[in-house]
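# model the structure of this input:
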Amino acid sequence: MGTCLVDKIAIIGVGLIGGSFALALKRAHAVQRVIGWDTDADNLSLATQLGVVDEAALSIEQAVADADVVMLAVPVGSMLTAAQQVVKHMKPGAVLSDTGSVKQTVVAQVEPLAQASSVYFVAGHPISGTERSGAGSAFAELYHNKRCILTPTVNTNISALTLIEKLWQTAGSEVVHMDVVKHDRILAAISHLPHMIAYSLVNSVSSYDRYPENILDYSAGGFRDFTRIASSDPIMWRDIALNNRESLLEMIGQFEQFLAELKQDITSADGARLYEFFYRSKVSRDAILANVAKDD
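All right, here's what the predicted structure looks like:
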């Protein structure tokens with residue numbers, strides 16, 4: 001039996017991220033009761049049937065009433081609206097947190113609401129996920145040996161921060177603290193840009209019309225593996241692109257520079273420069289794999 005950290009937690013948005021968090025805490029016996037609420041009634045019903053949540057709330061008010069912790073696991077573009085709804089019904093001293101992939105806009109929007117309602121807000125982002133979505137995709141091991149970034153500010157309550165940190169550690173994550181600006185820039189590079197490239201690549205290849213048949217029928221494992229993330233939720237990635245525009249545009253600009261360099265090397269048939277370009281990338285990629293193996 002694990003240590004119970006909270007009596008009642010409300011999960012707002014019972015999909016892959018929120019549902020997996022709930023399952024991990026339930027498995028560890030870190031919470032007495034998990035209440036779920038979702039804009040999709042069918043998804044919420046499925047979450048109840050699968051035991052992802054103990055109870056499906058009929059409203060946000062019912063979900064967060066007397067909850068010790070409320071976790072917002074909704075798309076970044078929906079975070080403000082969800083926060084506005086929940087803080088009105090949370091008890092004073094309760095802890096509000098989130099799982100958003102962009103932190104500057106979320107913190108700027110949600111932290112003042114929490115302060116005005118005597119609620120403690122701790123911004124967070126689990127670095128884990130799959131291309132699947134919905135309660136049916138949730139599984140308790142999603143966060144095992146993964147990182148969760150918390151982005152406390154000067155206004156963050158230490159006790160609330162400690163509680164959220166313990167919850168993510170209980171879910172299996174290594175928790176690190178990071179400045180919100182640094183978070184958004186790093187995530188733009190390692191997560192947001194790759195998704196933009198994957199979506200663009202699929203659109204580019206699927207629009208290729210030189211031959212009458214669908215050339216995607218000939219795609220092998222490499223193409224499928226590289227573009228797997230293009231099956232991710234379009235709403236989530238629309239919101240991320242809009243809310244992390246500055247950092248993402250910076251990374252797209254850098255990518256364009258390297259793509260232009262590669263295009264020029266191919267145009268000029270410069271074998272030496274092509275080899276150097278590919279070799280540079282291979283060395284960097286191999287170093288990443290070596291570091292992962294060392295950490296394991």
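
# under the pLDDT cut-off, which ranges of the stretch 51-200 of the chain? List them.
For the stretch 51-200 of the chain, no stretch has pLDDT under 70.

# hey, where'd the strands end up in it?
55-56, 69-72, 95-98, 120-122, 124-127, 147-150, 174-177 (DSSP state E, counting those that start in this stretch).

# let me know which of those strands is the nearest to Glu276.
Closest approach to Glu276 among the strands of the stretch 51-200 of the chain is made by strand 124-127 (31.9 Å; Cβ to Cβ). Every C-beta, even on glycine, is put in place using the N, C-alpha and C of the backbone.

# so what strands line up beside that closest one?
Taking DSSP bridges as the criterion, strand 124-127 forms sheet pairs with strand 147-150 (antiparallel).

# thinking again about what came up before, just put the strands of the stretch 51-200 of the chain in JSON lines and tack on distance to Pro234.
Compiled in JSON lines, the strands of the stretch 51-200 of the chain are given as follows (distance: least, Cβ to Cβ, whole Å):
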{"stretch": "strand 55-56", "distance to Pro234": "26"}
{"stretch": "strand 69-72", "distance to Pro234": "20"}
{"stretch": "strand 95-98", "distance to Pro234": "20"}
{"stretch": "strand 120-122", "distance to Pro234": "28"}
{"stretch": "strand 124-127", "distance to Pro234": "20"}
{"stretch": "strand 147-150", "distance to Pro234": "24"}
{"stretch": "strand 174-177", "distance to Pro234": "29"}
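
# and stretch 228-240, how far apart are its ends?
The stretch stretch 228-240 measures 18 Å between its terminal residues, going by Cα to Cα, to the nearest Å.

# please apply the same query to stretch 94-103.
Stretch 94-103 has an end-to-end distance of 21 Å (criterion: Cα to Cα).

# mind checking how far that stretch is from the chain centre?
10 Å (Cα atoms, centre = their mean, to the nearest Å).

# likewise stretch 163-180?
Distance of stretch 163-180 from the chain centroid (Cα atoms, centre = their mean) equals 14 Å.

# do stretch 153-173 as well
Using Cα atoms, centre = their mean, the distance between the centre of stretch 153-173 and that of its chain works out at 17 Å.

# can you tell me what sits against that stretch?
Residues from elsewhere that reach stretch 153-173, judged by Cβ atoms under 8 Å, 6 or more residues apart in numbering: 2, 5-6, 20-21, 24-25, 28, 30, 69, 95, 97, 107, 111, 115, 120-124, 126, 128, 141, 143-148, 150, 152, 175, 180.

# just the buried positions in it, please.
Buried residues in stretch 153-173, defined by neighbour count with 16 or more other Cβ atoms under 10 Å: 156-157, 160-161, 163-165, 167-173.

# and the two most separated of these?
Spatial extent of the buried residues of stretch 153-173 (Cβ to Cβ) is set by the pair Asn157 and Gly172 at 24.4 Å.

# returning to what we had before: mind putting the strands of the stretch 51-200 of the chain in JSON lines, mean neighbour count included?
As requested, these are exported to JSON lines (neighbours: other Cβ atoms under 10 Å):
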{"stretch": "strand 55-56", "mean neighbour count": "18"}
{"stretch": "strand 69-72", "mean neighbour count": "26"}
{"stretch": "strand 95-98", "mean neighbour count": "26"}
{"stretch": "strand 120-122", "mean neighbour count": "26"}
{"stretch": "strand 124-127", "mean neighbour count": "22"}
{"stretch": "strand 147-150", "mean neighbour count": "20"}
{"stretch": "strand 174-177", "mean neighbour count": "14"}
